[in-house]
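In: coordinates only, sequence not included:
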């Protein structure tokens with residue numbers, strides 16, 4: 001599969017898989033950004049991507065980012081739709097600073113990882129009653 005990608009700043013590298021077994025590809029910050037303690041900021045990731053039909057593009061923290069930087073993806077996972085691919089539709093990561101200090105992200109710093117996954121769009125069929133027995137509600141499997 002090939003995916004059309006446009007870099008905004010050509011001095012920064014294209015996304016890349018760092019090992020042969022990597023599922024996610026690294027994404028870098030296009031600009032230097034300061035994130036004050038407890039605040040959220042959008043970090044532009046320097047790319048516009050045409051996600052193929054039947055696939056989704058999902059943004060995650062790199063596994064080391066929360067520990068090393070104290071930044072987490074503000075909405076847990078970023079979802080890039082198939083039709084978010086216009087000329088100016090740069091992918092951005094919304095991060096939350098969970099530290100007590102301002103955190104800096106430098107231009108070119110690997111700050112996120114992207115994963116392309118197959119997705120289904122089912123048709124929803126409304127019913128009046130579900131046929132399965134209730135399990136007991138949220139958190140019920142951990143109760144004695």
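Out: Received the coordinates, thanks. Predicted model only: the values in this text are computed from it and were never measured.
In: how about the strands in this protein?
Out: 5-7, 25-28, 33-35, 40-44, 47-49, 55-61, 71-73, 78-80, 92-97, 103-105, 110-118 (DSSP state E).
In: would you format the ones you listed as JSON lines with distance to residue 129 and mean neighbour count included?
Out: Every residue, glycine included, has its C-beta placed from N, CA and C. Formatted as JSON lines, the strands of the chain follow (distance: least, CB to CB, whole Å; neighbours: other CB atoms under 10 Å):
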{"stretch": "strand 5-7", "distance to residue 129": "47", "mean neighbour count": "14"}
{"stretch": "strand 25-28", "distance to residue 129": "44", "mean neighbour count": "20"}
{"stretch": "strand 33-35", "distance to residue 129": "48", "mean neighbour count": "17"}
{"stretch": "strand 40-44", "distance to residue 129": "41", "mean neighbour count": "17"}
{"stretch": "strand 47-49", "distance to residue 129": "42", "mean neighbour count": "21"}
{"stretch": "strand 55-61", "distance to residue 129": "32", "mean neighbour count": "19"}
{"stretch": "strand 71-73", "distance to residue 129": "37", "mean neighbour count": "20"}
{"stretch": "strand 78-80", "distance to residue 129": "31", "mean neighbour count": "17"}
{"stretch": "strand 92-97", "distance to residue 129": "39", "mean neighbour count": "20"}
{"stretch": "strand 103-105", "distance to residue 129": "50", "mean neighbour count": "18"}
{"stretch": "strand 110-118", "distance to residue 129": "32", "mean neighbour count": "17"}
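In: residue 13: which of those is closest?
Out: strand 25-28 (6.7 Å; CB to CB).
In: give me the distance between the residue nearest the centre of the chain and residue 98.
Out: The centroid of the chain falls nearest to residue 59 when counting by CA atoms, centre = their mean (1.3 Å). The gap separating residue 59 from residue 98 is 18 Å, by CB to CB, to the nearest Å.
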